[in-house]
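Novice: Sequence and predicted structure below; questions after.
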Amino acid sequence: MDAWVDCTDTDIIESVSGSQVVEIGVCEAVAAASEILTVLSGYRAHPGGIGTQEYNAAAWVNRLTPAYRPVTDIVLVEAVAEDCATATDVTDQWCLYAGDIRRARTATNTMNPVFCNFCSQAHSRLRVQYVFGSTIGAVGRRAVLALSRQLWLSDHPEAGECILPERVVSMSREGLSYSFIDPMNFLDQGRTGIPTVDTFLMFVNPTKSKVPSAVYIPEAPPGVMR
């Protein structure tokens, strides 16, 4: 997954490090913030790119639901053989419809079904590569820059105070000093502890889901992202 913003842009560098000439650690902070927000948004917010998913679906599956949307183009659809070593190109048998990858009306069932060891039913193994567009808006851009800034400050404390919650808390009582780990319950709730970022997450992912919501039918289960 690519970063949400261009870490070589001078405006981005200044937003993260506070100076257009201080580039050390900026790209690393932007990459980490982008990955964190992609997951916490339930994959609803992400840059454009190319995704690959594998499906173990019913032998005559008619619809495949991609994890990243919007899908703009189908690059390749392959029927994977039982030995997982060979694959047949069946791209021409699929088309885009309402954000899903659906079997074309003129398609013929040329896939060899594989019998599942668990349910003894016939399945088809499909590998799909597709192009998807960006869903990052102005608010998402502000959120990733805010989180990148704090991640950068955590590694460069001399440049300013980081507002990220601390993991280790030190206490002193009756002459005894000790440290303990802060459980950071807000992470379990799908939040970062940074108001600007959490406002964005509440907007794009109010249910705190880990994956995009979709309706699946038994013959077309969700694919595994590769």
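Specialist: All right, it came through fine. Numbers count the residues shown, from 1 in each chain.

Novice: According to the record, where do the domains of this protein fall?
Specialist: 10-45+136-204, 49-133 (automatic domain parsing).

Novice: rank those by pLDDT, which is bottom?
Specialist: When the domains of the chain are ranked by mean pLDDT, domain 49-133 comes last with a mean of 81.

Novice: Switch the domains of the chain over to CSV; also include distance to K210 and mean neighbour count.
Specialist: C-betas here are computed from N, CA, C, even on glycine. Shown next, in CSV, are the domains of the chain (distance: least, C-beta to C-beta, whole Å; neighbours: other C-beta atoms under 10 Å):
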stretch, distance to K210, mean neighbour count
domain 10-45+136-204, 6, 16
domain 49-133, 11, 15
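
Novice: Any idea which of those domains gets closest to D2?
Specialist: When the domains of the chain are compared by C-beta to C-beta, domain 49-133 sits nearest D2, at 5.7 Å.

Novice: okay, how far is it across the closest one, tip to tip?
Specialist: 7 Å (C-alpha to C-alpha, to the nearest Å).

Novice: Which residue ranges of the protein form helices?
Specialist: 10-17, 26-40, 138-155, 185-188, 195-204 (DSSP state H).

Novice: can I get these in CSV with distance to Y68?
Specialist: Compiled in CSV, the helices of the chain are given as follows (distance: least, C-beta to C-beta, whole Å):
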stretch, distance to Y68
helix 10-17, 23
helix 26-40, 10
helix 138-155, 15
helix 185-188, 23
helix 195-204, 14
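
Novice: nearest to T91, of the ones you listed?
Specialist: helix 26-40 (27.1 Å).

Novice: Contacts for that closest one, please.
Specialist: Contact with helix 26-40 is made by 1-5, 7-8, 12-13, 16-17, 45-47, 140, 143-144, 147-149, 151-152, 155, 190-192, 197, 200-201, 205, 210, as judged by C-beta atoms under 8 Å, 6 or more residues apart in numbering.

Novice: Tell me the bridge partners for L64.
Specialist: Taking DSSP bridges as the rule, L64 bridges to I101.
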